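In: Fold the following.
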Amino acid sequence: MHSIYLNLGCADHQRQGFFNIDLDAPGADLHLEQGKALPWERGTVPGIYSAHLLERLGRNQGIRLLHECRRVLQPGGVIRLVTTDLKALIDNYLSDRPDPTAPGVSRGERFNNALRQQAWIYDEAELTRICKMIGLEPLANTAPGASSDPALSGLESDAPGQLVLEFRKPLRQLAAGDEPLVSIVMPTYRTTFLHQALESALNQTYRNLEILICDDCPTDAIKEIAAEYGQFDSRIRYVRNPDAGKDIGRLNHLLCLKESRGEFIKFLNDDDLLDLECVERMIKSFTDYPDISLVTSKRQRIDEHNAPLPDIAATRAPVASDSMIEGLSLGTALMQSYLNFVGEPTTVMFRREDMIDVTPDFLSVDEQPIPWAPDVAIFINLALKGNTVYLIEPLSSFRHHAEQCQVLYAGLVQEESRRCWDIMRSFWARHEFDQPL
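Out: Numbers count the residues shown, from 1 in each chain. Presented below is the predicted three-dimensional model:
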């Protein structure tokens with residue numbers, strides 16, 4: 001279908017120049033089937049107007065529709081949402097303002113009638129949180145009738161009790177020849193393999209890097225190594241974790257993201273290795289496919305002597321060739337398989353801005369910290385914001401050795417990992433992200 005603005009929830013207000021969509025309104029160009037995908041290709045719709053449709057849908061149906069809206073919007077495209085304001089309803093109830101159009105109707109009756117007319121009601125904070133969760137960025141509050149997109153201006157009246165918000169699909173196309181800053185962030189604790197890991201970062205064919213070493217070691221050994229290399233390469237930056245040794249490295253990972261300055265984040269654990277073209281190949285994927293939220297690749301298991309180890313179930317490529325995997329499909333496959341086939345933090349690259357606002361921190365899902373399988377928490381959050389590119393050539397090496405946390409804390413890992421997976425699976429199923437459109 002050709003590119004055109006959408007009017008979602010047109011009711012009896014069909015608008016010229018828009019494709020008018022409603023659940024059941026006569027005269028609509030399309031009757032929306034709940035649970036069905038919108039019939040537009042990814043990135044083809046310049047703008048969407050939706051007035052008083054969201055409150056007619058259940059919460060999960062509304063979230064999935066907004067996710068579909070993000071899919072079909074062009075990069076930079078705007079969605080303007082008008083809906084009943086939960087806060088205004090509650091304020092009217094608490095203030096007991098009389099309604100001259102309904103004499104004799106008590107505030108309790110008015111409130112209950114209002115609730116019964118809606119399937120789900122949002123306030124500004126909740127609608128903004130959901131839209132950010134699925135990869136839409138909020139625009140400055142706009143007055144009724146005034147939009148950042150002229151085509152979406154003047155479409156609603158200044159009616160009391162309604163919420164008007166606008167969101168944009170991020171515009172992320174890298175220009176030809178652009179070399180955005182990439183932060184290779186290294187949450188370090190041991191020095192055993194640090195020289196090899198650091199050199200694999202310094203020798204990358206992609207040169208616009210900062211190499212951020214966040215030190216969790218109880219001694220000055222890592223600080224001395226960073227100073228040694230830093231004499232010859234100004235891209236190295238050293239930060240001491242003020243909470244060194246606490247929370248088995250989790251706080252150090254959080255410090256890495258907080259202190260990073262790059263547009264893109266590439267983790268590198270102190271015992272892992274990057275292929276020399278790893279960053280270059282991954283940046284090319286973001287250049288070629290600006291709407292993706294994650295790039296990963298096959299990874300090679302190695303031992304303490306750098307000798308390759310055979311694949312296990314998690315390290316086998318899930319695809320036969322370089323592929324783009326739809327975000328919700330990726331998350332559902334992770335949750336149903338109970339298997340991290342995406343990789344460790346060293347394996348992936350993502351945009352910093354996609355994770356920096358996740359609460360209480362970027363290693364969390366559903367507002368709950370994920371201390372074990374935190375890499376899967378990253379992937380679940382990113383799966384809601386866009387697709388993933390999987391490259392079948394191994395671009396990183398994941399070292400298996402006796403000093404790994406997974407080995408040292410094997411009993412705790414198994415129990416806590418199961419608990420964390422259950423949190424993530426519950427979140428995914430509760431929102432029905434595993435249900436196909």
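In: going forward, measure contacts and count neighbours with C-alpha atoms only.
Out: Will do.
In: Provide a complete list of residue ranges assigned to strands in the stretch 301-437 of the chain.
Out: 323-325, 350-351, 364-365, 368-369, 387-399 (DSSP state E, counting those that start in this stretch).
In: Could you report the distance from the residue positioned nearest the centre of the chain to residue 353?
Out: Geometric centre of the chain, nearest residue: residue 382, 3.1 Å, by Cα atoms, centre = their mean. According to Cα to Cα, to the nearest Å, residue 382 stands 11 Å off from residue 353.
In: residues contacting the residue nearest to the centre of the chain?
Out: Going by Cα atoms under 8 Å, 6 or more residues apart in numbering, residue 382 touches 293, 294, 327, 354, 355.
In: Got the confidence number for it?
Out: Note on residue 382: pLDDT of 98.
In: Over to the one 5 residues further on?
Out: The score at residue 387 is 97. That number is its pLDDT.
In: now swap in the one 5 residues further on and tell me
Out: In the predicted model, residue 392 carries a pLDDT score of 98.
In: For it, give me its contacts.
Out: 297, 298, 317, 319, 320, 321, 322.
In: same thing with residue 209?
Out: 181, 182, 183, 184, 235, 262 are the contacts of residue 209 under Cα under 8 Å, 6+ apart.
In: Am I right that the third one is in contact with residue 264?
Out: Yes. With contact defined as Cα atoms under 8 Å, residue 183 reaches residue 264; the gap is 6.1 Å.
In: Have a look at those two and say which one is more surrounded.
Out: The residue with more neighbours, out of residue 183 and residue 264, is residue 183; 27 against 21, by other Cα atoms under 10 Å.
In: Which residues are in contact with the more buried one?
Out: With Cα under 8 Å, 6+ apart, residue 183 has these contacts: 209, 210, 211, 212, 260, 261, 262, 263, 264, 265, 266.
In: Just to be sure, which of the residues you listed are found in strands?
Out: Among these, the members falling in strands (DSSP state E) are 209, 210, 211, 212, 264, 265, 266.
In: how many neighbours does the second one have?
Out: The one in question is residue 210. Per other Cα under 10 Å, the neighbour tally for residue 210 reads 22.
In: domains for this protein, by residue range?
Out: As assigned by automatic domain parsing, the chain contains the domains 5-168, 182-430.
In: Of those domains, which is nearest residue 437?
Out: Of all those, it is domain 5-168 that lies closest to residue 437, at 4.8 Å by Cα to Cα.
In: now the closest one: how far from the chain's centre is it?
Out: 23 Å (Cα atoms, centre = their mean, to the nearest Å).
In: That one spans what distance, first to last residue?
Out: Per Cα to Cα, the first residue of domain 5-168 is 14 Å away from its last.
In: pLDDT on it, on average?
Out: 92.
In: In the contacts of residue 382, find the pair that's most separated.
Out: With Cα to Cα as the measure, no two of those lie farther apart than 327 and 355, at 15.2 Å.
In: So those two - more neighbours on which side?
Out: The neighbour count for residue 327 versus residue 355, taken as other Cα under 10 Å, is higher for residue 327 (24 against 18).
In: Need the contacts of residue 209 in JSON lines (columns: pLDDT and distance to residue 98).
Out: As requested, the contacts of residue 209 are exported to JSON lines (pLDDT from 0 to 100; distance: Cα to Cα, whole Å):
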{"residue": "181", "pLDDT": "98", "distance to residue 98": "58"}
{"residue": "182", "pLDDT": "98", "distance to residue 98": "58"}
{"residue": "183", "pLDDT": "98", "distance to residue 98": "58"}
{"residue": "184", "pLDDT": "98", "distance to residue 98": "60"}
{"residue": "235", "pLDDT": "98", "distance to residue 98": "66"}
{"residue": "262", "pLDDT": "98", "distance to residue 98": "55"}
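In: So of the residues you listed, which two are at opposite extremes in space?
Out: Among the contacts of residue 209, 235 and 262 lie farthest apart (Cα to Cα), at 11.7 Å.
In: what about the two, which has more around it?
Out: Neighbours were counted for residue 235 and for residue 262 using other Cα under 10 Å; residue 262 has more, 21 against 16.
In: Contact partners for the more buried one?
Out: 180, 181, 182, 183, 209, 210, 352.
In: rewinding a little: what's the closest of the contacts of residue 183 to residue 197?
Out: Nearest member of the contacts of residue 183 to residue 197, counting by Cα to Cα, is residue 211, at 11.2 Å.
In: about what we covered before: of the contacts of residue 392, which pair is most distant in space?
Out: Farthest pair in those (Cα to Cα) is 297 and 320. Separation: 11.9 Å.
In: and those two? which has more neighbours close in?
Out: Shown here are residue 297 and residue 320; by other Cα under 10 Å, residue 297 has more neighbours (25 against 9).
In: Now the phi/psi pair for that one, please.
Out: Backbone torsions of residue 297, given as degrees, to the nearest 10, read phi -150, psi 170.
In: Pretty sure it sits against residue 393.
Out: Yes. With contacts counted by Cα under 8 Å, residue 297 reaches residue 393, the gap being 6.5 Å.
In: circling back to that earlier point, which PyMOL command selects the buried ones in the contacts of residue 392?
Out: Buried subset of the contacts of residue 392, written as a PyMOL selection, criterion 16 or more other Cα atoms under 10 Å:
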select buried, resi 297+298+317
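In: Including distance to residue 65, could the contacts of residue 392 go into TSV?
Out: Formatted as TSV, these follow (distance: Cα to Cα, whole Å):
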residue	distance to residue 65
297	30
298	33
317	31
319	28
320	31
321	31
322	29
